[in-house]
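**Q** here is the input, now give the coordinates:
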Amino acid sequence: MVEENKKNKSKYIVDKVTRAIFLICALIAVVSLVLIIGFVFYKGLRPFFAEGKSFIQFIFGTEWYPTSENQKYGILPMIIASIYGTIGALIIGVPIGLLTAIFISEVAPKGLSKIIIPAVELLAGIPSVLYGLFGLAVIVPWIQNTFNLPQGQSLLAVIIVLAVMMLPTIISVSTTAIKAVPKSYKEGSLALGASHIETTFKVVVPAAKSGILAAVVLGCGRAIGETMAIILVGGNSVQIPTSIFDKVRPLTSNIALEMGYATQSHQELLFATGVVLFAFILILNLVIKSLLPLLEPLLLLLAWFTVL
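**A** Numbers count the residues shown, from 1 in each chain. Take a look at the predicted model:
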């Protein structure tokens, strides 16, 4: 009895210590997040509350000369460039990533899927600067030669590079979500006379729509937050793009290019750009989640085109 009591006490102590370690780890994660967000918001909002700068001019201004005597600090061209680049990348990357995930999960033989999955994982591990170098060496010259442009660095190059970069995230998460659908769903559909393609698009994929939405949100976050690759292929001109062949400078590129030499109010305005980027990511994620009811009709439309 004494030995059993000692064992129970030691188990109880180990359990309490383990719980305390888990709690400490969770607190560290939460506190780190709060500190980062708090610091960025403090530095970013200071120019508007402490120095009296116009937030409206900051958001809707079209000129960016933060170091001149007549300081101008409008980031509207960068906001529009970020929106165009992200939406364009989603239009290209989501269908390709989703169809690839469906192919891996439902169509490909096991031997082939064992080759594709490591390749996708390897694609996810490639540093972003290498994507940028690939875009600069291959995509930019292709755009320049194909469309007879003086330079190939453009919004189109940004869209293509971002679409490729978000593919591993969308494919991996979507594949996991599709494979998690119970087999009984598929077996029941096939038993009722549906074809394999109809079962995949009308039963399996709609059942996995929450996981697919998570994949799209994560891919969107990857596209919005990308910096180095965009610097190399975007052209970095502060202008509102009127064509996919115009040079652009998204929000992240502006922060990375100028933070190294920025001081005082210029630096604080770059932090304010980070606040706008944070709000932009939050709003875009909420918009994507609000479109969840439209995901099933879009999948049915995609199935119709696939069958054709």
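**Q** I figured residue 235 was touching residue 151, is that so?
**A** Yes - contact status for residue 235 versus residue 151: in contact at 7.0 Å, counting by CB atoms under 8 Å. To be clear about C-beta, it is placed using only N, CA and C from the backbone, and glycine gets the same treatment.
**Q** residues shared between the contacts of the two?
**A** Common neighbours of residue 235 and residue 151 (criterion: CB atoms under 8 Å, 6 or more residues apart in numbering): residue 247.
**Q** neighbour-wise, which of these two wins?
**A** Using other CB atoms under 10 Å as the criterion, residue 235 and residue 151 rank with residue 235 on top: 24 against 13.
**Q** my read is residue 193 is in a helix, agree?
**A** No - Residue 193 is assigned coil when assessed by DSSP: H, G, I helix; E, B strand; the rest coil, not a helix.
**Q** what about it, neighbour count?
**A** 7.
**Q** so for it, what's the pLDDT?
**A** As summarised for this prediction, residue 193 has a pLDDT of 84.
**Q** relative to residue 199, how far out is it?
**A** 10 Å (CB to CB, to the nearest Å).
**Q** same check on residue 102?
**A** Distance of residue 102 to residue 199, given as CB to CB: 11 Å.
**Q** for residue 88, same thing?
**A** Distance, residue 88 to residue 199, using CB to CB: 32 Å.
**Q** how is the chain divided into domains?
**A** 2-52, 72-307 (automatic domain parsing).
**Q** so what's the residue nearest to residue 80 when sequence neighbours are not counted up against?
**A** The shortest distance from residue 80 to any non-neighbouring residue, by CB to CB, 6 or more residues apart in numbering, is to residue 240 (5.5 Å). Listed by CB under 8 Å, 6+ apart, the contact partners of residue 240 are 62, 76, 77, 80.
**Q** shouldn't residue 240 be within a helix?
**A** No - according to three-state DSSP, the state of residue 240 is coil, so it is not within a helix.
**Q** circling back to that earlier point, now, of the domains of the chain, which is deepest in the fold?
**A** Comparing the domains of the chain by mean neighbour count (mean count of other CB atoms under 10 Å), domain 72-307 ranks first with a mean of 18.
**Q** which one of the domains of the chain lies closest to residue 58?
**A** domain 72-307 (5.6 Å; CB to CB).
**Q** distance between the longest helix seen in the chain and the chain's centre?
**A** Assignment by DSSP state H gives helix 2-49 as the longest helix of the chain. Its chain's average C-alpha position is 27 Å from that of helix 2-49, according to CA atoms, centre = their mean, to the nearest Å.
**Q** go on, stretch 203-211?
**A** 20 Å.
**Q** repeat for stretch 51-71
**A** Distance of stretch 51-71 from its chain centroid, counting by CA atoms, centre = their mean, is 28 Å.
**Q** CA atoms of it as PDB?
**A** Taking Å, rounded to 0.1, in the frame of the first residue of the first chain, the C-alpha atoms of stretch 51-71 are listed here in PDB:
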ATOM      1  CA  GLU A  51       2.200  64.200 -34.300                       C
ATOM      2  CA  GLY A  52      -1.200  65.000 -35.800                       C
ATOM      3  CA  LYS A  53      -0.700  63.400 -39.200                       C
ATOM      4  CA  SER A  54      -3.700  62.800 -41.300                       C
ATOM      5  CA  PHE A  55      -4.800  59.100 -41.400                       C
ATOM      6  CA  ILE A  56      -7.100  59.800 -44.400                       C
ATOM      7  CA  GLN A  57      -4.100  61.200 -46.300                       C
ATOM      8  CA  PHE A  58      -2.100  58.200 -45.300                       C
ATOM      9  CA  ILE A  59      -4.600  55.700 -46.600                       C
ATOM     10  CA  PHE A  60      -5.900  57.600 -49.700                       C
ATOM     11  CA  GLY A  61      -2.800  59.500 -50.700                       C
ATOM     12  CA  THR A  62      -1.200  58.500 -54.000                       C
ATOM     13  CA  GLU A  63       2.300  59.900 -53.400                       C
ATOM     14  CA  TRP A  64       5.000  58.500 -51.200                       C
ATOM     15  CA  TYR A  65       7.800  61.000 -50.300                       C
ATOM     16  CA  PRO A  66       8.300  60.600 -46.500                       C
ATOM     17  CA  THR A  67      11.800  62.000 -46.400                       C
ATOM     18  CA  SER A  68      11.200  65.200 -48.400                       C
ATOM     19  CA  GLU A  69      10.600  68.600 -46.800                       C
ATOM     20  CA  ASN A  70       7.000  68.600 -48.100                       C
ATOM     21  CA  GLN A  71       6.400  65.200 -46.600                       C
END
